[in-house]
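>>> With the input below, show me the fold.
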Amino acid sequence: MATIEPKSGTAAQGPTTRRTVLPGAPPFTVDDLLEFPDDGNRYELFNGSLLVSPAPTPLHQRVITRLMITLQSAAPPELECLTTVNVGYSNENFYIPDLVVVPEEVSDGVDLMYSPGDLLLAVEVVSPSSKSVDRAAKVEAYAEAGIPLYWRVEPMEGPRIYVYELDGHSYAGPAVHKAGNLVTLSAPFSVTFDPARLMRPRG
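Alright, predicted model coming up:
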(Lines give C-alpha, C1' and ligand atoms only; values in the text may rest on other atoms or scores of the structure.)
Protein backbone atom coordinates (compact mmCIF):
# COMPACT_ATOMS: atom_id res chain seq x y z
CA MET A 1 0.00 0.00 0.00
CA ALA A 2 1.13 3.56 -0.66
CA THR A 3 0.22 6.74 1.15
CA ILE A 4 0.14 10.42 0.28
CA GLU A 5 -0.31 13.12 2.86
CA PRO A 6 -1.34 16.49 1.37
CA LYS A 7 -1.25 19.24 3.98
CA SER A 8 -3.79 22.00 4.38
CA GLY A 9 -5.05 24.31 7.10
CA THR A 10 -5.75 27.89 8.21
CA ALA A 11 -3.88 30.39 10.31
CA ALA A 12 -6.44 30.05 13.08
CA GLN A 13 -6.41 26.29 13.25
CA GLY A 14 -2.84 25.55 12.18
CA PRO A 15 -1.83 22.91 9.63
CA THR A 16 -3.68 19.63 9.41
CA THR A 17 -2.75 16.45 7.61
CA ARG A 18 -5.09 14.31 5.50
CA ARG A 19 -3.79 10.81 4.93
CA THR A 20 -4.82 9.02 1.73
CA VAL A 21 -4.08 5.31 1.48
CA LEU A 22 -3.60 4.09 -2.07
CA PRO A 23 -3.98 0.46 -3.13
CA GLY A 24 -1.00 -1.26 -4.71
CA ALA A 25 2.72 -0.60 -4.43
CA PRO A 26 5.40 0.79 -6.75
CA PRO A 27 5.81 0.23 -9.61
CA PHE A 28 2.15 1.07 -10.13
CA THR A 29 -0.02 -0.04 -13.04
CA VAL A 30 -3.16 1.28 -14.70
CA ASP A 31 -5.09 -1.44 -12.87
CA ASP A 32 -3.86 0.05 -9.58
CA LEU A 33 -4.99 3.53 -10.63
CA LEU A 34 -8.50 2.31 -11.34
CA GLU A 35 -8.75 1.35 -7.66
CA PHE A 36 -7.57 4.73 -6.35
CA PRO A 37 -10.02 6.88 -4.37
CA ASP A 38 -11.72 9.88 -5.97
CA ASP A 39 -10.00 12.40 -3.70
CA GLY A 40 -9.63 15.39 -6.03
CA ASN A 41 -6.05 14.58 -7.05
CA ARG A 42 -4.91 13.73 -10.56
CA TYR A 43 -2.90 10.50 -10.74
CA GLU A 44 -0.63 9.75 -13.70
CA LEU A 45 1.99 7.08 -14.37
CA PHE A 46 5.46 7.37 -15.87
CA ASN A 47 7.10 3.96 -16.21
CA GLY A 48 5.24 2.83 -13.10
CA SER A 49 6.16 5.91 -11.07
CA LEU A 50 3.22 7.82 -9.64
CA LEU A 51 2.71 11.52 -10.35
CA VAL A 52 0.15 13.20 -8.11
CA SER A 53 -1.18 16.65 -9.06
CA PRO A 54 -3.58 18.75 -6.98
CA ALA A 55 -6.78 20.25 -8.34
CA PRO A 56 -6.04 23.12 -10.76
CA THR A 57 -6.05 26.74 -9.64
CA PRO A 58 -8.61 29.23 -11.01
CA LEU A 59 -5.95 30.78 -13.29
CA HIS A 60 -5.02 27.35 -14.62
CA GLN A 61 -8.69 26.61 -15.33
CA ARG A 62 -9.15 29.99 -17.02
CA VAL A 63 -6.30 29.34 -19.44
CA ILE A 64 -7.58 25.85 -20.28
CA THR A 65 -11.14 27.11 -20.79
CA ARG A 66 -10.10 30.07 -22.97
CA LEU A 67 -7.91 27.82 -25.10
CA MET A 68 -10.59 25.16 -25.46
CA ILE A 69 -13.13 27.77 -26.62
CA THR A 70 -10.59 29.25 -29.06
CA LEU A 71 -9.75 25.86 -30.55
CA GLN A 72 -13.31 24.55 -30.63
CA SER A 73 -14.53 27.65 -32.49
CA ALA A 74 -11.91 27.06 -35.22
CA ALA A 75 -12.05 23.26 -35.37
CA PRO A 76 -13.67 21.47 -38.30
CA PRO A 77 -16.90 19.65 -37.40
CA GLU A 78 -15.27 16.23 -37.28
CA LEU A 79 -12.86 17.24 -34.48
CA GLU A 80 -13.52 18.11 -30.85
CA CYS A 81 -11.58 19.56 -27.93
CA LEU A 82 -11.80 17.85 -24.54
CA THR A 83 -10.20 18.44 -21.15
CA THR A 84 -8.53 16.04 -18.69
CA VAL A 85 -9.16 12.81 -20.57
CA ASN A 86 -7.46 9.50 -19.75
CA VAL A 87 -4.72 8.43 -22.14
CA GLY A 88 -3.31 4.93 -21.72
CA TYR A 89 -0.01 4.18 -23.44
CA SER A 90 0.84 0.97 -21.59
CA ASN A 91 0.01 -0.65 -18.26
CA GLU A 92 2.78 1.42 -16.64
CA ASN A 93 2.22 4.70 -18.53
CA PHE A 94 -1.00 6.64 -18.09
CA TYR A 95 -1.45 10.36 -18.76
CA ILE A 96 -4.14 13.00 -18.25
CA PRO A 97 -3.41 16.00 -20.51
CA ASP A 98 -5.06 19.31 -19.67
CA LEU A 99 -6.60 19.46 -23.14
CA VAL A 100 -6.68 17.27 -26.25
CA VAL A 101 -7.99 17.42 -29.80
CA VAL A 102 -9.44 14.15 -31.09
CA PRO A 103 -11.70 12.99 -33.93
CA GLU A 104 -15.30 13.04 -32.79
CA GLU A 105 -15.92 9.57 -34.23
CA VAL A 106 -13.12 8.18 -32.06
CA SER A 107 -14.75 9.65 -28.93
CA ASP A 108 -17.97 7.85 -29.77
CA GLY A 109 -16.19 4.54 -29.25
CA VAL A 110 -14.11 5.42 -26.17
CA ASP A 111 -15.35 4.28 -22.79
CA LEU A 112 -12.56 4.76 -20.25
CA MET A 113 -9.41 5.95 -22.00
CA TYR A 114 -7.96 7.05 -25.30
CA SER A 115 -4.85 5.60 -26.87
CA PRO A 116 -2.07 8.06 -27.84
CA GLY A 117 -2.83 7.32 -31.49
CA ASP A 118 -6.29 8.86 -31.06
CA LEU A 119 -4.84 12.27 -30.16
CA LEU A 120 -4.05 14.95 -32.73
CA LEU A 121 -2.89 17.39 -30.06
CA ALA A 122 -2.09 17.29 -26.34
CA VAL A 123 -1.82 20.47 -24.29
CA GLU A 124 -0.40 21.05 -20.83
CA VAL A 125 -0.76 24.32 -18.91
CA VAL A 126 2.25 24.69 -16.65
CA SER A 127 1.74 25.33 -12.95
CA PRO A 128 4.39 25.71 -10.22
CA SER A 129 3.88 22.09 -9.19
CA SER A 130 4.13 20.70 -12.74
CA LYS A 131 7.05 22.65 -14.22
CA SER A 132 9.61 19.86 -14.40
CA VAL A 133 7.09 17.31 -15.65
CA ASP A 134 5.50 19.49 -18.35
CA ARG A 135 8.83 20.91 -19.57
CA ALA A 136 10.78 17.65 -19.70
CA ALA A 137 9.09 14.37 -18.72
CA LYS A 138 5.96 14.90 -20.79
CA VAL A 139 7.92 16.10 -23.80
CA GLU A 140 9.75 12.78 -23.81
CA ALA A 141 6.73 10.68 -22.87
CA TYR A 142 4.33 12.18 -25.42
CA ALA A 143 6.92 11.88 -28.20
CA GLU A 144 7.59 8.25 -27.30
CA ALA A 145 3.85 7.58 -27.33
CA GLY A 146 3.61 9.07 -30.84
CA ILE A 147 1.36 12.06 -30.09
CA PRO A 148 1.99 14.23 -33.17
CA LEU A 149 1.64 17.64 -31.54
CA TYR A 150 2.28 18.94 -28.02
CA TRP A 151 1.63 22.49 -26.81
CA ARG A 152 3.07 23.71 -23.54
CA VAL A 153 1.39 26.85 -22.22
CA GLU A 154 3.36 28.95 -19.73
CA PRO A 155 0.93 31.35 -17.98
CA MET A 156 3.65 33.15 -16.02
CA GLU A 157 5.39 34.12 -19.26
CA GLY A 158 2.60 36.29 -20.56
CA PRO A 159 1.54 33.54 -21.49
CA ARG A 160 3.75 31.92 -24.08
CA ILE A 161 2.91 28.84 -26.10
CA TYR A 162 5.64 26.33 -26.91
CA VAL A 163 4.76 24.16 -29.90
CA TYR A 164 6.42 20.76 -30.33
CA GLU A 165 5.90 18.79 -33.56
CA LEU A 166 6.79 15.12 -33.81
CA ASP A 167 9.78 14.43 -36.05
CA GLY A 168 10.36 10.70 -36.09
CA HIS A 169 10.58 9.51 -32.49
CA SER A 170 11.19 12.92 -30.87
CA TYR A 171 9.80 16.43 -30.98
CA ALA A 172 11.35 19.18 -33.07
CA GLY A 173 11.39 22.70 -31.71
CA PRO A 174 9.75 24.05 -29.79
CA ALA A 175 8.51 27.06 -31.70
CA VAL A 176 7.71 29.85 -29.22
CA HIS A 177 4.73 32.21 -29.53
CA LYS A 178 4.55 35.25 -27.23
CA ALA A 179 1.60 37.16 -25.86
CA GLY A 180 0.78 40.41 -27.65
CA ASN A 181 1.15 39.01 -31.17
CA LEU A 182 -1.38 37.25 -33.35
CA VAL A 183 -0.14 33.77 -34.17
CA THR A 184 -1.52 31.42 -36.80
CA LEU A 185 -0.99 27.72 -36.11
CA SER A 186 -1.72 25.30 -38.93
CA ALA A 187 -1.95 22.01 -37.02
CA PRO A 188 -4.06 20.16 -36.08
CA PHE A 189 -6.11 22.79 -38.00
CA SER A 190 -5.70 26.46 -38.76
CA VAL A 191 -6.36 28.80 -35.84
CA THR A 192 -5.32 32.41 -35.26
CA PHE A 193 -5.25 34.08 -31.85
CA ASP A 194 -3.18 36.18 -29.47
CA PRO A 195 -1.89 34.03 -26.57
CA ALA A 196 -2.62 36.98 -24.26
CA ARG A 197 -6.36 36.29 -24.58
CA LEU A 198 -5.94 33.07 -22.62
CA MET A 199 -5.48 35.05 -19.39
CA ARG A 200 -7.72 38.05 -19.95
CA PRO A 201 -10.94 38.45 -17.97
CA ARG A 202 -14.04 37.92 -20.07
CA GLY A 203 -15.03 41.59 -19.78
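>>> can we go C-alpha only for contacts and neighbour counts from here?
OK.
>>> So in the protein, which helix runs the longest?
Secondary structure of the chain read by DSSP state H shows that its longest helix is helix 58-74.
>>> Any buried residues in that one, and which?
When burial is assessed from 16 or more other Cα atoms under 10 Å, helix 58-74 yields the following buried residues: 60, 62, 63, 64, 65, 66, 67, 68, 70, 71, 72.
>>> Then stretch 84-101?
Along stretch 84-101, the positions that meet the burial threshold by neighbour count (16+ other Cα under 10 Å) are 86-90, 92-101.
>>> and what of stretch 102-118?
By neighbour count, with 16+ other Cα under 10 Å as the criterion, the buried positions of stretch 102-118 are 102, 103, 114, 115, 116, 118.
>>> Let me have those residues in JSON lines, extended by secondary structure and pLDDT.
Putting these into JSON lines (DSSP: H, G, I helix; E, B strand; the rest coil; pLDDT from 0 to 100) gives the following:
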{"residue": "102", "secondary structure": "strand", "pLDDT": "98"}
{"residue": "103", "secondary structure": "strand", "pLDDT": "97"}
{"residue": "114", "secondary structure": "strand", "pLDDT": "97"}
{"residue": "115", "secondary structure": "coil", "pLDDT": "96"}
{"residue": "116", "secondary structure": "helix", "pLDDT": "97"}
{"residue": "118", "secondary structure": "helix", "pLDDT": "97"}
